[in-house]
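1. prediction below, plus the sequence it came from.
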Amino acid sequence: MALLHQTFYNGVQRGCLHSLASQRAMLKLTHHSWRCLATTSKTNKNGYLKILPSVASALANNQPVVALESTIITHGMPYPHNLRTAQDVERIVQDNGVTPATVGLLNGSIHVGLSEEELGAMATSQNAVKSSRRDLSWVLSKRLTGGTTVSATMVAAHKADIPVFVTGGIGGVHRDGENSLDVSADLTELGRTPVAVVSAGVKSILDIPKTLEFLETQGVTVATFGPNKDFPAFFTPNSGVQSPINVTDVKEAAELIDCSLSLGLQSGILIAVPIPQSLAADGDLIEGAIQQALSEAKNQGITGKEVTPFILQRVNELTQGKSLQANEALIRNNALIGSQIAKELADLRRCKGQSSNQNNNCNNRTFPEVKGHEPGGRPVVIGASIVDLLASVNQDNIMHTGRTYQGSLQVAYGGVGRNIADCLSRLGSRPLFISAVGNDEHAQALLTYCKNMDQSAISTLSDYNTGTYCAVLDNEGELLFGIGDMDINDQITPQMVSTWESSIVQSPLVCMDGNIPTETIEYVCRICKENHVPIWYEPTCQMKAKKPFQSDAWKSLTYVSPNLNELRMMYGSLEGEETVNFDYETSFTDQLRECLQLSRILLQHIDCLVITLGENGALIVRNTEPEDKLICGKTNQEEEEFLGMTSAVHYPIGNVDPDRKITSVSGAGDCLSAGIIHSILQGYDSDTCIKAGMMVAQMTLEDSQPVPACITASTITPETVQKWAPWQPSRMM
């Protein structure tokens with residue numbers, strides 16, 4: 001029993017590996033059976049599809065994504081116009097609340113979503129292969145760089161379950177195609193792949209009437225976007241040919257796409273978007289240049305897939321850059337319209353209870369109603385996502401000579417904020433989790449592991465590594481040293497968080513950990529105070545505990561969950577650190593007395609302190625009576641200064657089975673907070689809320705993961721909690 005109490009003590013102090021320095025005594029007593037996960041990207045079953053973390057996150061949460069081709073980068077425009085246009089297009093998509101997924105072939109994989117570095121490499125590549133459907137196997141097997149055409153991009157988008165793809169213009173039947181039989185693979189792909197392609201019609205260097213006839217034969221729905229059926233001619237808004245139908249706005253376009261996908265038609269849709277007249281090139285000038293370029297191509301014996309790049313480049317030269325300007329303008333316009341259609345489609349399919357994938361496999365994820373606050377709001381967690389590495393040496397006499405030692409290496413996924421959001425998700429409280437990861441394999445593995453969570457607010461930052469902590473232990477479990485790469489947490493800035501301000505101000509409760517910058521904490525405190533939203537602050541460690549207390553931000557906090565040393569730091573930040581002794585070891589009675597003394601000044605503004613006392617349980621001090629419900633949802637209470645402490649209730653360790661095996665303490669403290677927060681959201685009485693948190697923390701101690709899968713909404717109910725802890729806490733005052 002003493003061992004279990006001591007383990008619970010260390011676990012609830014701060015449940016993550018990067019606090020191992022303060023837990024090294026405990027490490028000797030616990031069994032480290034961490035579950036190792038492969039650090040690979042999200043792939044399909046054959047491993048050729050590699051999805052960027054931000055794209056994978058959006059898809060996992062049914063958020064809108066737009067696929068983009070890369071042939072326009074590798075073959076459609078000269079450098080640096082190609083790179084600038086690609087970056088501008090992605091930015092336009094992002095500005096419309098949609099995730100861009102530029103498709104390219106790199107190092108034997110189909111990349112769905114490119115990092116900034118990969119985008120730059122594609123733009124400057126001198127040997128990129130123009131890759132259609134037929135070229136995919138060869139380019140991938142040879143591990144070449146390939147720019148994907150419309151057909152290849154459609155294949156990738158369909159495999160990644162992305163229903164909308166934006167491009168400049170599609171290929172078609174070449175002029176004199178009835179003799180040459182030169183027909184683009186884009187057309188047959190549209191006839192067999194259920195992806196909606198948003199383009200400026202067919203490139204005007206092609207035979208547009210014959211192209212539309214071919215699409216009709218393939219069963220492809222063709223619609224002009226706008227008030228009439230005029231089919232665009234790429235550089236100009238009118239080709240003189242009519243589309244079968246038109247859609248007047250993004251809503252009509254989304255409804256058309258949704259209907260086609262829902263019917264299971266295994267054919268695509270072409271949404272032809274005319275270039276705005278103000279941006280269009282001179283039609284006669286363009287046509288004259290095309291005729292000359294076609295003649296030159298024929299005389300030079302240029303055939304096959306080399307024809308289109310040659311003609312586009314030659315037309316640009318003959319028009320003195322006017323065609324290139326129109327080309328850049330139309331792709332930006334297509335990105336604007338396409339992203340708006342994708343967003344409308346995602347909203348439409350969510351409303352219908354469907355997942356946004358082409359196979360019409362309904363992903364009917366339902367969430368239990370969160371009680372105690374107005375409809376529509378949900379909890380928000382802001383904090384760190386960290387990959388924890390634990391290296392254990394199995395030999396004695398470790399010397400720093402560069403020698404390799406026998407040992408083991410385990411991986412777990414933590415971060416205080418991530419653990420709390422994960423636990424809340426498993427309990428059914430469906431939080432929005434605001435965090436940041438890098439564009440690396442650690443992020444890919446972490447996001448794959450967190451597939452049960454809403455990842456829509458996790459930002460991918462290509463210039464930073466995913467937060468990582470490595471602890472190296474000797475064969476006695478003593479910490480030799482630790483290495484942390486946490487710089488990315490400093491990028492969880494007010495600007496990043498403000499993207500989700502509407503969710504924050506509607507939230508019934510916001511939780512933030514101490515890993516985020518002080519200015520972000522102050523920003524969250526300000527907007528929550530203005531909108532009467534309760535805040536839970538998880539200090540994370542002794543030094544970070546003081547962040548809100550360096551200004552008046554702390555006066556906006558509702559709940560704080562410190563251990564004794566963190567409480568001392570908070571008090572010292574207000575009254576002077578010389579007023580507290582951080583090395584002071586005391587008896588349990590003295591600890592209680594000190595907690596009550598230090599809490600008084602904090603409770604002049606903070607509603608509730610959940611103070612963890614290790615093997616002695618937890619002390620709950622409030623400026624209300626203990627039977628009063630814990631605050632959740634909008635409060636009408638204006639800022640006021642309370643007299644201080646009104647009640648203090650001590651909760652000892654609960655119903656502990658001494659025969660239970662303790663597997664890992666990582667995440668126990670975070671799950672304690674999450675269990676209490678979830679219970680507050682459910683409207684449970686205060687006694688049940690605290691006991692629920694302790695019950696969840698106990699479940700964590702018995703599992704190898706920081707947040708075990710056995711935690712569910714059905715396991716944490718008022719009935720199960722009271723059965724687990726039928727005893728009554730002790731009121732101290």
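-> Received it, and whenever you're ready, just let me know what you need. Numbering: from 1, shown residues only.

2. would residue 262 count as being in a helix?
-> Yes: assessed by DSSP: H, G, I helix; E, B strand; the rest coil, residue 262 belongs to a helix.

3. measure it to residue 215 for me?
-> 21 Å (C-beta to C-beta, to the nearest Å). Where C-beta positions appear, they are placed from N, C-alpha and C, glycine not excepted.

4. which one of these two has more residues nearby?
-> Legend: neighbour count by other C-beta atoms under 10 Å for residue 262 and residue 215, higher for residue 215 (26 against 13).

5. and the pLDDT at that one?
-> pLDDT for residue 215: 95.

6. so who does it touch?
-> Contact analysis of residue 215 by C-beta atoms under 8 Å, 6 or more residues apart in numbering lists 187, 190-191, 222, 270.

7. okay, these in CSV with secondary structure and distance to residue 603 next?
-> Output for these, formatted as CSV (DSSP: H, G, I helix; E, B strand; the rest coil; distance: C-beta to C-beta, whole Å):
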residue, secondary structure, distance to residue 603
187, helix, 71
190, helix, 66
191, helix, 70
222, strand, 68
270, strand, 65
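
8. out of those, which is most surrounded?
-> Counting neighbours by other C-beta under 10 Å, residue 190 comes out on top of the contacts of residue 215 with 28 neighbours.

9. right, and residue 381 touches residue 430 too?
-> No: using C-beta atoms under 8 Å, residue 381 is not in contact with residue 430, being 11.0 Å away.

10. what do these two both touch?
-> Shared contacts of residue 381 and residue 430, defined by C-beta under 8 Å, 6+ apart, are found at residue 424.

11. neighbour-wise, which of those two wins?
-> Legend: neighbour count by other C-beta under 10 Å for residue 381 and residue 430, higher for residue 381 (32 against 18).

12. confirm that the more buried one sits in a helix.
-> No: the assignment for residue 381, made by three-state DSSP, is strand rather than a helix.

13. please report how far it lies from residue 684.
-> The gap separating residue 381 from residue 684 is 19 Å, by C-beta to C-beta.

14. also residue 721?
-> Distance of residue 721 to residue 684, given as C-beta to C-beta: 8 Å.

15. can you check residue 668 too?
-> Per C-beta to C-beta, residue 668 is found 21 Å from residue 684.

16. I figured residue 169 was touching residue 197, is that so?
-> No: counting by C-beta under 8 Å, residue 169 stays clear of residue 197, with 10.0 Å between them.

17. so which of these two has more stuff around it?
-> residue 169 (31 against 28).

18. give me every residue that touches that one.
-> Residue 169 touches 199-203, 234, 330, counting by C-beta under 8 Å, 6+ apart.

19. what's the weakest-modelled helix or strand in the protein?
-> helix 24-27 (a mean of 33; mean pLDDT, DSSP states H and E).

20. could you point out the helix or strand that follows it?
-> strand 49-51 (DSSP states H and E).

21. give me the helices and strands touching that next one, please.
-> Packing partners of strand 49-51 (3 or more C-beta pairs under 8 Å, 6 or more residues apart in numbering; DSSP states H and E): strand 109-112.

22. state the pLDDT value of residue 642.
-> Note for residue 642: predicted pLDDT of 58.

23. can you check residue 667 too?
-> At residue 667, the pLDDT value in this model is 77.

24. count the residues that sit near it.
-> Using other C-beta under 10 Å, residue 667 has 34 other residues around it.

25. neighbour count: residue 668 and residue 684, which is higher?
-> Set residue 668 next to residue 684 and count neighbours by other C-beta under 10 Å: residue 668 wins out with 32 against 23.

26. that one reaches residue 700, doesn't it?
-> Yes: between residue 668 and residue 700 there is a contact at 4.5 Å, judged by C-beta under 8 Å.

27. what is the longest helix belonging to the chain packed up against?
-> In the chain, taking DSSP state H as the definition, the longest helix is helix 322-351. For helix 322-351, the elements it packs on are strand 65-68, helix 81-95, strand 164-166, strand 196-199, helix 250-263, strand 269-272, helix 283-299, helix 307-318, judged by 3+ C-beta pairs under 8 Å, 6+ apart.

28. let's see 7 Å
-> Under the contact definition 3 or more C-beta pairs under 7 Å, 6 or more residues apart in numbering; DSSP states H and E, helix 322-351 sits against strand 65-68, helix 81-95, strand 164-166, strand 196-199, helix 250-263, helix 307-318.

29. deepest of these, which one?
-> strand 65-68 (a mean of 30; mean count of other C-beta atoms under 10 Å).

30. identify all contacting residues around it.
-> 55, 58-59, 89, 93, 98-103, 153, 156-157, 162, 164-166, 338-339, 342 (C-beta atoms under 7 Å, 6 or more residues apart in numbering).

31. and of the contacts of residue 215, the nearest to residue 312?
-> Relative to residue 312, the closest of the contacts of residue 215 is residue 187; by C-beta to C-beta it sits at 18.5 Å.

32. can you give me the pLDDT of that closest one?
-> 95.

33. OK, contacts around it?
-> Taking C-beta under 7 Å, 6+ apart as the criterion, residue 187 is in contact with 172, 211, 214-215, 218.

34. in helices only, show me the residues you listed.
-> The members of the contacts of residue 187 that map onto helices under DSSP H are 211, 214-215.

35. can you list the weak-confidence ranges in the stretch 151-300 of the chain?
-> Counting by pLDDT under 70, the stretch 151-300 of the chain has low-confidence residues at 281-284.

36. one step back: for the contacts of residue 169, which one is nearest residue 294?
-> After measuring those against residue 294 - C-beta to C-beta - the closest member comes out as residue 203, at 12.2 Å.

37. does the closest one touch residue 233 like I think?
-> No: using C-beta atoms under 7 Å, residue 203 makes no contact with residue 233, being 8.5 Å away.

38. strands of the stretch 351-500 of the chain, start to end?
-> Under the criterion DSSP state E, counting those that start in this stretch, strands of the stretch 351-500 of the chain are mapped to 380-382, 386-393, 407-414, 432-438, 458-461, 467-473, 479-485.

39. closest one to residue 535 among those strands?
-> Of all the strands of the stretch 351-500 of the chain, it is strand 380-382 that lies closest to residue 535, at 9.8 Å by C-beta to C-beta.

40. name the residues that touch the closest one?
-> By C-beta under 7 Å, 6+ apart, the residues outside strand 380-382 that reach it are 417, 420-421, 424, 431-434, 492, 497, 503-504, 507, 510-512, 516, 524.

41. on that earlier part again, identify the contacts common to residue 721 and residue 684.
-> Shared contacts of residue 721 and residue 684, defined by C-beta under 7 Å, 6+ apart, are found at residue 692.

42. surely residue 79 touches residue 124?
-> Yes: at 6.0 Å, residue 79 counts as touching residue 124 under the criterion of C-beta under 7 Å.

43. sketch out the low-pLDDT regions of the stretch 551-700 of the chain for me.
-> The stretch 551-700 of the chain contains residues with pLDDT under 70 at 582-584, 634-645, 654-666.

44. wait, residue 550 sits on residue 521?
-> No: Residue 550 is not in contact with residue 521 according to C-beta under 7 Å; the separation is 9.2 Å.
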